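>>> how would this look folded up:
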Amino acid sequence: MRKIVFVYIFLLVSFSSYSQDMTALIMRVKAKLDQVNDYEADGRMKTDVSFIKAPIGKVKVYFKKPNKFRLKKDGGISLLPKGGVSVNMNSIFATSDFVALAAGEAMIGGSKTRIVKLLPANENSDIVLTTMYIDETNLLVKKAVTTTRENGTYEIEMSYGQYTQYGLPDKVVFTFNTKDYKLPKGITLEFNDEEKPLSEADKLKNKKGRVEITYTNYQINKGLPDAVFK
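Model (predicted):
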């Protein structure tokens with residue numbers, strides 16, 4: 001019995017130490033992102049959802065610490081969900097109230113990454129779990145998979161270039177399951193004429209959504225007014 005207790009304590013201490021290492025990594029990534037107090041960016045957004053007709057359009061993206069985020073599209077519709085979900089890593093790192101657990105390694109976009117699972121300490125958080133794939137050498141989040149209470153599970157994959165020093169991506173690909181996704185109010189589903197009429201539940205069942213944003217310009221730390229987010 002004593003031997004079993006000793007082994008349990010040893011594993012618990014080892015696991016805790018490893019978790020602390022992951023917390024340190026997360027805080028280093030957060031410190032890199034914290035260089036950015038605010039930004040405004042131009043981009044092009046491509047929406048690929050089988051049941052919605054949405055052409056490629058220009059977008060403006062705004063961010064301000066700690067977690068203000070807005071995406072403005074020129075005409076058309078935006079499928080990005082509400083309720084705290086965004087294509088912005090700064091918002092995910094807005095709080096330091098979490099537990100970070102090591103979950104192995106993986107290759108993402110040709111880069112070796114550490115897999116870290118973030119569990120929010122606040123039980124009322126809309127985010128239930130975030131799994132991050134972090135390029136430890138460059139302190140970049142290459143991919144994040146987030147499970148929420150309101151919008152199911154969604155995935156963000158990021159590519160970096162000109163703004164790597166700030167941890168800001170040149171391209172973001174956002175994917176989600178439409179059956180778990182609450183469409184923003186005002187969106188009309190458009191279908192081809194030859195398609196057989198289906199119930200709304202059937203239209204959304206087992207469908208995949210994909211939103212791709214390619215950024216062309218960032219203006220960083222210029223001092224965005226709060227009115228931008230109203």
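>>> which parts of this protein are helices?
In the chain, helices defined by DSSP state H lie at 2-33, 89-92, 200-204, listed in chain order.
>>> tell me the pLDDT of the spatially closest residue to residue 28 that is not a sequence neighbour.
Among residues not flanking residue 28 along the chain, residue 139 sits closest, at 5.6 Å (CB to CB, 6 or more residues apart in numbering). Just so you know, the C-beta spots here come from the backbone N, C-alpha and C atoms, and that holds for glycine as well. At residue 139, the model reports a pLDDT of 95.
>>> so who does residue 139 touch?
Neighbour list for residue 139: 28-29, 32, 167 [criterion: CB atoms under 8 Å, 6 or more residues apart in numbering].
>>> and those, which of them are buried?
Using 16 or more other CB atoms under 10 Å as the burial test, the contacts of residue 139 include 29, 32, 167 as buried.
>>> would you format those residues as JSON lines with pLDDT and distance to residue 224 included?
Listed next are the buried ones among the contacts of residue 139 as JSON lines, based on pLDDT from 0 to 100; distance: CB to CB, whole Å:
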{"residue": "29", "pLDDT": "92", "distance to residue 224": "23"}
{"residue": "32", "pLDDT": "93", "distance to residue 224": "20"}
{"residue": "167", "pLDDT": "93", "distance to residue 224": "18"}
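>>> of those residues, closest to residue 152?
Taking CB to CB as the measure, residue 152 lies nearest residue 29 of those, at 25.1 Å.
>>> dump the residue contacts of that closest one.
Applying CB under 8 Å, 6+ apart, the residues contacting residue 29 are 93, 134, 139-141, 167.
>>> just the ones in strands from those, please.
134, 140-141 (DSSP state E).
>>> follow-up on the earlier one: and of the buried ones among the contacts of residue 139, the nearest to residue 68?
Lowest distance from residue 68 to the buried ones among the contacts of residue 139 (CB to CB) belongs to residue 167, with 17.4 Å.
>>> return the backbone torsion pair for the closest one.
Backbone torsions for residue 167, taken as degrees, to the nearest 10, come to phi 70, psi 20.
>>> that one against residue 140, yeah?
Yes - using CB atoms under 8 Å, residue 167 makes contact with residue 140 at a distance of 6.1 Å.
>>> so what sits against both of these two?
29, 160.
>>> ok so, going back, mean pLDDT lowest for which of the helices of the chain?
helix 200-204 (a mean of 50).
>>> what's the burial count for the residue lying closest to residue 174 once chain neighbours are set aside?
Spatial nearest neighbour of residue 174, excluding adjacent residues (CB to CB, 6+ apart): residue 211 at 4.4 Å. For residue 211, the neighbour count with other CB atoms under 10 Å is 22.
>>> run a quick check on residue 211 versus residue 156, I expect a contact.
No - using CB under 8 Å, residue 211 and residue 156 do not qualify as a contacting pair, with a distance of 9.7 Å.
>>> to what extent is the nearest residue to residue 88 once chain neighbours are set aside buried, counted in neighbours?
Closest residue in space to residue 88, ignoring its immediate chain neighbours: residue 69 at 5.0 Å, by CB to CB, 6+ apart. Here the number of neighbours of residue 69 (other CB under 10 Å) works out to 18.
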